[in-house]
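>>> next input, structure requested:
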Amino acid sequence: DGLTEREPYEPAAWKNIGTLRAWLGQEDKARAALRRYASFASVPRDEAVEAEAVVQFLSPLAEEDLTPEITTAFAVADVQALQEKFLSNKRLENVPFDPAEFREANEVPPLSTFLLLDREVPPYVEGVTAEQIPLILGELQLFGKQTDRSARVEFSTLKTADFDAKIAALQAIVGAAEREGEEVTGKITRLGVALASNWRLPDAMPIQERKNLLETHRTHVLLNVFPDLPQSVLDGKSLRQAAGDASLQARALAVILLMDLAEPEERPEFNQIRKSLGLPTVETLDPTGLRVTSLSPVRLGRLDIKKLSDEDLLVVYQRGILYSAGRILRKVGPELVDRPSLKGKLDFADVYELLARLGGSTDQAIEYIHKAQEAATAAGESPARYLMAEIPLRLERREVDEFRRLFERLSTKHVKEPGVAQALQQLLYQLGIMRPDGSMAAPSAATGAPAGAPAGLWTPDQGASAAAPAAPAAGGKSKLWVPGMD
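Numbering: from 1, shown residues only. Reported below is the predicted structural model:
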C-alpha cells in the first residue's frame, strides 16, 4: 500500500498489490487495485483485459443477473386420487428417486416426483428438430399429510417470462387446489437460463444426435443471445452496447474472455462474437522471443505450440499441470508425444493417460488410453494401471464384452503384480459393482452390471442386463431438474 501511495501512477505497483490481495483473500481491495491497473493507458490491451477478467471472477454475482427458482405449494385434498391422476397424465413423467437421500438431508421424502412437460413425448424419428421436442416446464413433488403440514404438491420452476403460463399448466392438472405460497429455492444466471435447453429428448434418440442438437442450441445462444443480454458488470448494458463505449470495451472483452475460458476447448464462436461487435479477436501467439515462464495461463494457452523448443514445451506442460489447465494440456500433450526427441525425458504413457482423462469423447479417450497401454508395454512396464483406466469408459458405453475382456486380462495376467488386486477391487467398489467386503452390490443401470446376478464376488461371465438409464436422484433443498441430468 505504501508503494502505491508513493507511486500512484506506476501500473506494476497496482498489479502486484492486486495480485497479493487476491492471494490473501482480500477480494474487495484486490478488485480495486486490479481495476486501477487495467485503467492505465500504458498497460497493453491483453493485460488490461486479463486483469479485468480477474476482477469480474472475484466479484459476486449481482441480483439483477440472476433468475430465481421458485417452489410453489398447492394444498391437496385427496392424495390418492391426485397420484392416480398424475400417473395417467401423458404430460407428466414419473421420476424414480431414493427416499433415503431425503432422510439423510433431514427432509421428508415425497410420495412421488414428476417432470411437467409442455406436451407428450413423441416416439423418436430420425431427423427430429428442436421445435418438435417437448420442453420441461418444471418439477413437481407430491407430499402426503405430515404432523405439522397438510398434504400438498410442490412445483419448482424458474421465474422466467413464461412463469405464469407454467403455473397455469400445472393448475390445469391439479384442478382447484389452493395455492399456499411460494419461496425462492435457487438461482441461476440469465445466461445459464438461455443456455439450458430444457428438452425432454426421446429415449431412443442416439447419443450423437443428442449431442448435435445440444451443440447447435449452444452455438445459437452464444452468437445470438449472449451479446444482447444486459449485464451488471457492464453498467447494465449488453455486450453489443458496451462494445461501442470506449470506457467499457475492456470490461466487455473480459466478459467474453471469461466465457471463453469456461469452455473445455477453444470455440470459434467467441472470436465470431468479438468480430461481430467490432472488438479485437484473440489470435495465436508466436513464441519467438517470448519468455514462456513469464506468460499468464491465458497466454500460455494461446501459444503456437509447434514453434516451441522442447525445453519450453516441457515448461508449458508443467505449468498446465500446475494450473490444472485442461485447455493447455490438450494442446501440449499431443505435441509432446509426437516429438521423438522427448522420449526418455517424460513418461509418454502418463501423457496419454492425462489426454484420455481430458478427452472430449469416449472414442478419443479410449484411443488415448490404448496408446498409454502400448507406451507402457514398449517401455517394459506393466499396463495394468491403464487397463483399469479403460474400465469406466467401457462401462459408460455399456460395452460389457469389452469390460469382460479387461477384467479377465487383469485377473489372469496382472492380478499378482503389487497393488493391482487392491486397486481393481477399489475401482469396482467406486463404480458400484462391488461392496467393500468383495460381494456384489446392487448395480446401477449406468454400469451395465448384471441385474439379478448371484450373490458373492461378481465376475464378467455372469452376464449383464440392458438396463435403462438411471433416473436422476432427488435431494437437497432445490430439486429442480436441469438439463444434463438425463
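
>>> what bits of the chain have low per-residue confidence?
Along the chain, the model assigns pLDDT under 70 to residues 1, 436, 438, 440-486.

>>> quick one: the strands in the stretch 51-200 of the chain, in order.
Across the stretch 51-200 of the chain, reading from the start of the chain, the strands by DSSP state E, counting those that start in this stretch fall at 66-75, 92-94, 112-117, 136-143, 152-158, 179-189.

>>> okay, these in a markdown table with mean neighbour count next?
For every residue, glycine as well, the C-beta is placed using N, CA and C. Converted to a markdown table, these look like this (neighbours: other Cβ atoms under 10 Å):
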| stretch | mean neighbour count |
| --- | --- |
| strand 66-75 | 20 |
| strand 92-94 | 17 |
| strand 112-117 | 22 |
| strand 136-143 | 22 |
| strand 152-158 | 22 |
| strand 179-189 | 15 |
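
>>> what's the closest of those strands to L34?
With Cβ to Cβ, the closest approach to L34 among these belongs to strand 179-189: 22.3 Å.

>>> direction included, what does that closest one pair up with?
Under the criterion DSSP bridges, strand 179-189 sits next to strand 66-75 (antiparallel) in its sheet.

>>> can I get the strand it pairs with in CSV? Just the C-alpha atoms.
These are the backbone C-alpha positions of strand 66-75, laid out as CSV (Å, rounded to 0.1, in the frame of the first residue of the first chain):
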residue,chain,number,x,y,z
LEU,A,66,-29.9,-13.9,-11.7
THR,A,67,-33.1,-15.7,-12.3
PRO,A,68,-34.7,-17.3,-9.2
GLU,A,69,-36.1,-20.8,-9.0
ILE,A,70,-39.5,-20.6,-7.3
THR,A,71,-41.1,-23.5,-5.5
THR,A,72,-44.9,-23.0,-5.2
ALA,A,73,-47.0,-25.2,-2.9
PHE,A,74,-50.6,-26.2,-3.6
ALA,A,75,-52.9,-27.8,-1.0
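
>>> ok now that strand, how far from the chain's centre?
Going by Cα atoms, centre = their mean, to the nearest Å, the spacing between the C-alpha centre of strand 66-75 and its chain's C-alpha centre is 24 Å.

>>> what does that strand contact?
150-160, 163, 167, 170-171, 174, 177-190, 192-193, 478, 480 (Cβ atoms under 8 Å, 6 or more residues apart in numbering).

>>> stretch 204-224 too?
Contacts made with stretch 204-224 from outside it, assessed by Cβ under 8 Å, 6+ apart, are listed as 123-124, 128, 130, 133, 191, 194-195, 197, 199, 201, 259, 267, 269-270, 272-273, 276, 483.

>>> same check on stretch 241-255?
38, 45, 48-50, 52-53, 55-56, 231, 233-235, 237, 239, 274, 277-280.

>>> ok, A165 to L239 distance?
29 Å (Cβ to Cβ, to the nearest Å).

>>> of the two, which one has the most company?
Neighbours per residue (other Cβ atoms under 10 Å) separate A165 from L239, with L239 holding more: 25 against 11.

>>> so what's the more buried one closest to, chain neighbours aside?
Using Cβ to Cβ, 6 or more residues apart in numbering and skipping the chain neighbours, the partner closest in space to L239 is P227 (4.6 Å).

>>> contacts only, for the one you found.
With the criterion set at Cβ under 8 Å, 6+ apart, P227 makes contact with 238-240, 273, 276-277.

>>> try it again at 7 Å.
Remark: with contacts taken as Cβ atoms under 7 Å, 6 or more residues apart in numbering, P227 is in contact with 238-240, 273, 277.

>>> let me know the closest of those residues to P418.
The nearest one, if we look at the contacts of P227 relative to P418 and count by Cβ to Cβ, is I273, at 52.8 Å.

>>> ok so the closest one is a helix residue?
Yes. With DSSP: H, G, I helix; E, B strand; the rest coil as the criterion, I273 is part of a helix.

>>> that one - how many residues pack around it?
Once other Cβ under 10 Å is used to define contacts, I273 is seen to have 25 neighbours.

>>> which two of the contacts of P227 have the greatest separation?
Taking Cβ to Cβ, no two of those sit farther apart than S238 and I273, at 11.7 Å.

>>> need the strands of the stretch 51-200 of the chain in TSV with distance to A325, can you?
Output for the strands of the stretch 51-200 of the chain, formatted as TSV (distance: least, Cβ to Cβ, whole Å):
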stretch	distance to A325
strand 66-75	28
strand 92-94	40
strand 112-117	37
strand 136-143	34
strand 152-158	32
strand 179-189	23
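
>>> just the buried residues of the contacts of stretch 204-224.
By neighbour count, with 16 or more other Cβ atoms under 10 Å, the contacts of stretch 204-224 hold 128, 133, 191, 194-195, 197, 199, 201, 259, 267, 269-270, 273 as buried.

>>> out of those, list just those in helices.
For these, membership in helices holds for 191, 194-195, 259, 269-270, 273, with DSSP state H as the criterion.

>>> ok, so of those, who is nearest W23?
Taking Cβ to Cβ as the measure, W23 sits nearest to M259 out of these, at 24.7 Å.

>>> the residue nearest to that closest one when sequence neighbours are not counted: what's it in contact with?
Taking Cβ to Cβ, 6+ apart as the measure, M259 lies nearest to F270, with 6.8 Å between them; neighbours along the chain are not counted. Contact analysis of F270 by Cβ under 7 Å, 6+ apart lists 256, 259-260.

>>> same question for L61.
For L61, the residues meeting the contact criterion (Cβ under 7 Å, 6+ apart) are T189.

>>> what's the local residue count around the spatially closest residue to Q272 that is not a sequence neighbour?
With sequence-adjacent residues excluded and distances taken as Cβ to Cβ, 6+ apart, Q272 is closest to L223, at 6.2 Å. By the measure other Cβ under 10 Å, the count of residues near L223 is 14.

>>> any idea how far L223 is from I273?
With distances taken as Cβ to Cβ, L223 is found 7 Å from I273.

>>> and L195, by the same measure?
14 Å.

>>> and for G432?
Taking Cβ to Cβ, one finds G432 at 42 Å from I273.

>>> same deal with S309?
When S309 is compared with I273 (using Cβ to Cβ), they lie 34 Å apart.

>>> for S232, same thing?
Using Cβ to Cβ, S232 is found at 19 Å from I273.

>>> just R405 next, same as before
For R405, the distance to I273 equals 46 Å [Cβ to Cβ].

>>> and L234, by the same measure?
Looking at L234 against I273, where the rule is Cβ to Cβ, the gap reads 14 Å.

>>> can you tell me which residues contact L195?
By Cβ under 7 Å, 6+ apart, the residues touching L195 are 218, 221.

>>> picking that back up, let me have the contacts of P227 in CSV, extended by distance to L214 and secondary structure.
Listed next are the contacts of P227 as CSV, based on distance: Cβ to Cβ, whole Å; DSSP: H, G, I helix; E, B strand; the rest coil:
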residue, distance to L214, secondary structure
S238, 25, coil
L239, 23, helix
R240, 25, helix
I273, 19, helix
L277, 25, coil
